[in-house]
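Engineer: pasting the sequence and the predicted model now:
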Amino acid sequence: MVKSMRTKQFFKDIKIVDFTWIGAGTHIIEYLVHYGAEAIKVESELRPDPIRLLPPFKDNQPGLERGYEHQYLSENKLSIKLNLRNPKGIEVAKKLVARADIVIDNWTAGTMQTFGLNYEELRKIKPDIIQVSSCMQGQTGPAATHGGSGLTLTSLVGFNYLTGWPDRPPAGWYSPYTDQVSPIFAAVALMAALDYRRRTGKGQFLDLSQYECCLHFLAPVILDYTVNGREFMRRGNKSSRAAPHGVYRCHGDDRWCAIAVYTDKEWQGFCQVIGNPGWTTEPRFATLLGRIENGDELDKRVEEWTISRSPEEVMALMQAAGVAAGVVANGEDMWNDPQLKHYESFCEHEHPVLGSVVGRRRAVDLSKMDWEIHRAPLLGEHTEHVCTQILGMSDEEFVGLMAEGIFE
């Protein structure tokens with residue numbers, strides 16, 4: 001366990017029943033659990049969270065408790081195994097709700113209703129409950145039951161169409177980007193709902209469309225079409241506002257540096273860094289518009305200079321001249337990054353299956369708030385504790401329910 005030395009955990013009195021899985025849902029409450037909220041993750045051996053089975057695995061050996069994605073996304077949670085296909089499993093779930101402040105899921109629209117765990121039913125149990133349902137396209141409308149994942153949603157929302165080269169098909173993203181974007185909107189909305197309840201004593205239902213969250217990042221594309229009837233075209237690494245603008249090969253195996261020159265002043269700084277070669281004074285490169293129009297030739301000239309230098313050297317020289325530049329970092333670069341080391345961004349936990357596990361601190365450090373990070377739970381690790389110590393079941397009741405297959 002890793003924790004700060006401050007004295008107050010802002011969300012220490014908040015209790016969450018967590019029905020989320022994969023990434024889009026689990027990211028939402030990490031902002032709360034790191035600052036003290038209690039989250040009980042409801043899982044099942046019959047249908048475990050698929051994130052447990054996603055790579056990378058330690059030593060490349062797959063297993064429910066060996067996936068690092070789960071370790072990253074489920075820190076600070078308790079895990080209870082609960083068979084929601086059994087009515088008695090639903091009864092236990094409702095007991096969890098009765099003491100909770102927040103219930104959260106990211107299942108397909110209508111799924112919670114099939115279990116009798118939709119907002120209308122939950123508020124009968126806990127009138128001031130706050131429920132967050134995050135799904136692909138919201139809870140109502142013609143596409144409400146559209147299932148899928150972040151990898152398919154990046155296509156639906158248009159990210160993939162905009163990514164790639166003009167003469168090639170759309171390119172997929174390196175990750176389910178929408179799973180990282182939509183939780184930020186949900187977390188902010190959740191803060192507002194908690195504040196509303198604090199002021200009024202009333203809970204509410206948060207219907208979150210991951211699709212709509214991501215549209216905010218495509219406003220220029222949508223507006224250009226509605227105003228001008230113009231479709232955005234893929235342009236690779238080029239920009240309509242900067243040149244040079246791209247990723248340039250550097251010395252070393254698969255080593256690159258990104259450079260972006262927006263203004264004439266930055267262009268002058270760039271030229272000084274590369275030694276003011278004669279071609280930089282050619283009329284076609286004298287203005288930003290000219291540099292953009294001659295971008296292909298400009299990129300070749302830039303790479304002739306970067307290819308003999310390390311990306312770190314290129315970045316340092318450009319930044320010193322006021323030009324935006326950054327190493328195209330790989331995993332090793334990030335692990336050894338001196339800035340991340342300064343902030344102690346990575347921490348280690350002891351795990352009963354994996355041994356030492358690398359975790360990460362919060363990216364935002366609140367100066368007056370205490371934080372705490374401990375390892376992700378094993379599947380159902382806290383089932384008995386949750387039932388007997390938190391819900392107050394007798395040992396006999398717990399054993400009886402276990403015999404009926406409720407906790408599997």
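Structural biologist: Now that the structure is in, tell me what you want to look at.

Engineer: please report phi then psi for the spatially most central residue of the chain.
Structural biologist: Nearest residue to the geometric centre of the chain (Cα atoms, centre = their mean): Gln180, 2.7 Å. Backbone torsions of Gln180, given as degrees, to the nearest 10, read phi -90, psi -20.

Engineer: same thing with Arg52?
Structural biologist: Per degrees, to the nearest 10, the backbone of Arg52 is at phi -70, psi -20.

Engineer: pLDDT score for it?
Structural biologist: Each residue has a pLDDT score; the one for Arg52 is 94.

Engineer: and it, what does it touch?
Structural biologist: Leu64, Glu65, Gly67, Glu69, His70, Leu379 (Cβ atoms under 8 Å, 6 or more residues apart in numbering). Where you see a C-beta, it was placed from the backbone N, CA and C, and this is true even at glycine.

Engineer: how about the strands in the stretch 101-250 of the chain?
Structural biologist: Along the stretch 101-250 of the chain, counting by DSSP state E, counting those that start in this stretch, strands occupy 102-105, 130-135, 204-209, 245-249.

Engineer: hang on, the residue nearest to the centre of the chain packs against Ile28?
Structural biologist: No. Using Cβ atoms under 8 Å, Gln180 makes no contact with Ile28, being 11.1 Å away.

Engineer: where are the low-confidence patches of this protein?
Structural biologist: 1-7 (pLDDT under 70).

Engineer: could you chop it up by domain?
Structural biologist: Annotated domains of the chain cover 2-216+344-403, 245-335 [automatic domain parsing].

Engineer: quick one: closest of these to Gly236.
Structural biologist: Between Gly236 and the domains of the chain, the tightest spacing by Cβ to Cβ is seen for domain 2-216+344-403, at 4.5 Å.

Engineer: quick one: the closest one to chain centroid distance?
Structural biologist: Distance of domain 2-216+344-403 from the chain centroid (Cα atoms, centre = their mean, to the nearest Å) equals 12 Å.

Engineer: quick one on the thing from earlier: turn the strands of the stretch 101-250 of the chain into a markdown table, columns for mean neighbour count.
Structural biologist: Converted to a markdown table, the strands of the stretch 101-250 of the chain look like this (neighbours: other Cβ atoms under 10 Å):
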| stretch | mean neighbour count |
| --- | --- |
| strand 102-105 | 25 |
| strand 130-135 | 26 |
| strand 204-209 | 19 |
| strand 245-249 | 20 |
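
Engineer: now the helices for the stretch 201-350 of the chain?
Structural biologist: Assigned by DSSP state H, counting those that start in this stretch, the helices in the stretch 201-350 of the chain fall at 210-215, 219-228, 264-273, 288-293, 295-306, 311-320, 331-335, 338-342.

Engineer: out of the ones you listed, nearest to Gly158?
Structural biologist: helix 219-228 (6.8 Å).

Engineer: which residues sit against the closest one?
Structural biologist: By Cβ under 8 Å, 6+ apart, helix 219-228 touches Gly158, Leu162, Leu215, Arg230, Glu231, Phe232.

Engineer: my guess is Glu384 contacts Phe398. True?
Structural biologist: Yes. The criterion here is Cβ under 8 Å, and Glu384 meets it with Phe398 at 6.5 Å.

Engineer: now, which of the contacts of Arg52 sits nearest Leu84?
Structural biologist: When these are ranked by distance to Leu84 (Cβ to Cβ), Leu379 comes first, at 15.1 Å.

Engineer: wait, the closest one sits on Glu43?
Structural biologist: Yes. In this structure Leu379 lies within contact range of Glu43 using Cβ under 8 Å: 5.9 Å.

Engineer: give the intersection of the neighbour lists for those two.
Structural biologist: Taking Cβ under 8 Å, 6+ apart as the contact rule, Leu379 and Glu43 both touch Ser79, Lys81.

Engineer: between those two, which one's more packed in?
Structural biologist: Shown here are Leu379 and Glu43; by other Cβ atoms under 10 Å, Glu43 has more neighbours (24 against 18).

Engineer: ok, Leu223 - how many residues close by?
Structural biologist: Neighbour count of Leu223, defined by other Cβ under 10 Å: 10.

Engineer: how about the one 10 residues further on?
Structural biologist: In terms of burial, Met233 registers 8 neighbours under the definition other Cβ under 10 Å.

Engineer: show me what contacts the closest residue to it other than its chain neighbours?
Structural biologist: Spatial nearest neighbour of Met233, excluding adjacent residues (Cβ to Cβ, 6 or more residues apart in numbering): Pro166 at 5.7 Å. When the contact criterion is Cβ under 8 Å, 6+ apart, the partners of Pro166 are Met233, Arg234, Arg235, Gly236.

Engineer: where's the nearest residue in space to the last one that is not next to it in sequence relative to Leu117, distance?
Structural biologist: I take that to be Gly236. Leaving aside its sequence neighbours, Gly236 sits nearest to Trp165 (Cβ to Cβ, 6+ apart; 4.5 Å). To Leu117, Trp165 is 46 Å away according to Cβ to Cβ, to the nearest Å.

Engineer: cool, Pro220 as well?
Structural biologist: 40 Å.

Engineer: looking at the two, which is more packed in?
Structural biologist: For Pro220 versus Leu117, the count of surrounding residues by other Cβ under 10 Å is larger for Leu117: 23 against 9.

Engineer: so who does the closest residue to the more buried one other than its chain neighbours touch?
Structural biologist: In this structure, Leu117 finds its nearest non-sequential neighbour in Ala93, 6.4 Å apart by Cβ to Cβ, 6+ apart. Contacts for Ala93 (Cβ under 8 Å, 6+ apart) come out as Val17, Val42, Leu82, Leu84, Phe115, Leu117.
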